[in-house]
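Student: Any chance you could fold what I've pasted below:
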Amino acid sequence: MNITGSYQNMFRIPELKRRLLFTAMILIVYRLGGHITTPGVDLDAIKQFFEGQSGTLVALYDMFAGGNLSQATIFALGIMPYISASIIFQLLQAVIPYFEKLAKEGDEGRKKIQQYTRWGTLGLALVQSFGVSFTLERLGVVQDPGIGFKLVTMLTLTTGTMFVMWLGEQITEHGIGNGISLIIFTGIIARYPTDLLNTFQSLRTGQMHWLTGIIVSVLMIGVIAGIIAITQGQRKIPVQYAKKIVGRRVYGGANTHIPLRVNTAGVIPIIFAQSIIMFPATLGPFFGENAFMDALTRMFQPPHLVYIVSYSALIILFTYFYTAVILNPVDLADNMKKNSGFIPGVRPGKKTAEYIDRVLTRVTLPGAFFLALIAIMPDLMIYYFNVPFQFGGTGLLIVVGVGLDTLQQIESHLVMRHYDGFMSKGRLRARR
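Tutor: Numbering: from 1, shown residues only. A predicted model of the protein is given here:
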């Protein structure tokens with residue numbers, strides 16, 4: 001079945017159709033909210049300020065907020081407080097026994113962690129909204145500064161963040177795909193039409209040579225294909241379960257596998273590395289004409305060798321760190337041993353944990369280097385090819401990853417009802 005047939009099948013299943021329409025409706029609400037400006041802000045002045053913030057933490061935050069920060073909308077904080085709270089509680093599971101115990105308690109434990117994450121989101125949103133209001137007053141883009149403006153801004157931005165979080169949870173529960181990821185996805189792709197128009201304008205005016213345009217297009221296709229391969233790539237470790245006879249019934253005896261992904265850490269290593277590498281450029285303007293800060297800022301900006309080496313090393317380091325946090329070989333080995341499972345040729349327990357750790361270390365290496373390449377590539381393309389937009393890095397990884405995840409969820413709905421999906425190879429045929 002072709003792709004057109006798969007699209008038609010999506011709307012032949014009532015439940016899937018309902019979920020798709022619900023998701024589209026929620027995302028439209030999110031985009032409409034992104035056009036409501038925060039009270040008391042001079043929009044023209046803040047747009048002028050953001051024109052000089054390329055390559056700073058502010059620009060990175062604005063990307064995750066879907067451009068709402070640079071437009072000072074009620075969704076200016078976006079979903080970033082929620083993401084920060086989620087990462088914090090995920091890291092706490094590795095260092096605090098209480099949260100580690102909750103994570104192992106199944107659905108009830110996950111619900112408690114989710115509730116803690118919501119409260120953490122509220123706290124972070126209040127702190128960040130106060131910081132935004134204070135910064136806006138310092139920049140002189142506020143029409144009537146004072147305690148009243150600070151309180152209104154804190155209330156507006158915090159409410160906006162909690163509402164966006166609620167929208168994401170509604171998509172996850174009643175729609176299709178991961179709601180939080182889709183909200184970030186929508187904010188990123190909303191910039192693509194403008195980027196395409198800028199590219200055509202550059203080609204038309206001669207700022208970019210047509211041969212360069214072809215090379216960049218081929219490179220973009222290759223990069224997207226590479227990201228899909230790395231995202232989907234995994235090493236399968238075979239696992240066997242011993243048979244158990246209870247009464248007249250035989251349990252176990254199944255053969256399965258442990259999928260170790262090439263990119264287990266996802267996009268988080270790049271976010272962590274960007275937060276550190278952009279710090280000098282973010283602090284630079286606050287020091288005025290300072291020779292040391294000017295030199296430091298230039299060193300940590302592309303295409304300086306210090307920037308490239310430091311950025312790449314941080315990404316590789318954080319890839320291994322975050323992979324170790326979210327995937328513990330000792331826990332995997334203990335769970336297998338409790339359920340009478342074993343890896344053929346490897347003794348259960350400590351030897352199994354060492355084997356999984358060794359395989360995971362080797363599998364993660366190409367993924368870490370690929371993440372570093374993807375992160376550095378957009379800066380080099382802008383510098384050497386004069387590309388008028390950011391292609392690669394965090395945004396592209398999120399777009400491809402979320403797109404694949406959403407397609408897989410749609411695929412599961414289609415296959416369950418005996419339709420061919422987008423990723424099937426013709427094994428199933430639609431029943432008429």
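Student: hey, let's count contacts and neighbours off CA atoms from now on
Tutor: Will do.
Student: Can you check what pLDDT the model gives the closest residue in space to residue 346 that isn't next to it in sequence?
Tutor: Excluding the flanking residues, the one nearest residue 346 by C-alpha to C-alpha, 6 or more residues apart in numbering is residue 352, at 6.0 Å. At residue 352, the pLDDT value in this model is 90.
Student: I'd say residue 352 and residue 343 touch.
Tutor: Yes. Here residue 352 lies in contact with residue 343, judged by C-alpha atoms under 8 Å, at a distance of 7.2 Å.
Student: on that earlier part again, and the residue nearest to residue 346, which of the three is it?
Tutor: Assigned with DSSP: H, G, I helix; E, B strand; the rest coil, residue 352 falls in the helix class.
Student: what helix or strand is residue 240 on?
Tutor: In this assignment (DSSP states H and E), residue 240 forms part of strand 234-241.
Student: how about the CA coordinates for that strand, as PDB?
Tutor: Provided in PDB are the C-alpha atoms of strand 234-241 (Å, rounded to 0.1, in the frame of the first residue of the first chain):
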ATOM      1  CA  GLN A 234      19.700  -0.200  18.300                       C
ATOM      2  CA  ARG A 235      21.700  -3.200  19.400                       C
ATOM      3  CA  LYS A 236      19.600  -6.200  20.400                       C
ATOM      4  CA  ILE A 237      20.900  -8.400  23.200                       C
ATOM      5  CA  PRO A 238      19.200 -11.800  23.200                       C
ATOM      6  CA  VAL A 239      17.600 -12.900  26.400                       C
ATOM      7  CA  GLN A 240      16.200 -16.300  27.300                       C
ATOM      8  CA  TYR A 241      13.800 -17.200  30.200                       C
END
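Student: and whatever helix or strand residue 28 lives in, which residues are buried?
Tutor: Element membership for residue 28, per DSSP H and E: helix 14-33. Residues of helix 14-33 classed as buried by neighbour count (16 or more other C-alpha atoms under 10 Å): 16, 17, 19, 20, 22, 23, 26, 27, 30, 31, 33.
Student: quick one, strands of the stretch 101-250 of the chain?
Tutor: Taking DSSP state E, counting those that start in this stretch to define them, one finds strands in the stretch 101-250 of the chain at 234-241, 243-246, 249-252.
Student: For the longest one, buried residues please.
Tutor: If I follow you right, that is strand 234-241. 234, 240, 241.
Student: ok, and the closest non-adjacent residue to the first one?
Tutor: If I follow you right, that is residue 234. Closest to residue 234 by C-alpha to C-alpha, 6+ apart is residue 261, at 4.0 Å.
Student: ok, so what distance separates the one you found from residue 365?
Tutor: Going from residue 261 to residue 365 by C-alpha to C-alpha, to the nearest Å gives 11 Å.
Student: Looking at the two, which is more packed in?
Tutor: residue 261 (20 against 16; other C-alpha atoms under 10 Å).
Student: Backbone torsions only: list them for that one.
Tutor: Main-chain dihedrals, residue 261, degrees, to the nearest 10: phi -70, psi 150.
Student: does it really touch residue 323, like I thought?
Tutor: No. Residue 261 lies out of contact with residue 323 (C-alpha under 8 Å); the separation is 9.9 Å.
Student: what about residue 384, neighbour count?
Tutor: Every residue meeting other C-alpha under 10 Å relative to residue 384 is counted, giving 9.
Student: How far off centre is the strand holding residue 240?
Tutor: Averaged C-alpha coordinates place strand 234-241 at 27 Å from its chain's average position (C-alpha atoms, centre = their mean, to the nearest Å).
Student: so what's residue 404 scoring on pLDDT?
Tutor: The model's pLDDT for residue 404 equals 87.
Student: Return the residues in contact with it.
Tutor: By C-alpha atoms under 8 Å, 6 or more residues apart in numbering, the contact set of residue 404 is residue 228.
Student: Just give the strands next to the strand holding residue 240 in its sheet, each with its orientation.
Tutor: Paired neighbours of strand 234-241 in the sheet (DSSP bridges): strand 255-261 (antiparallel), strand 341-342 (antiparallel).
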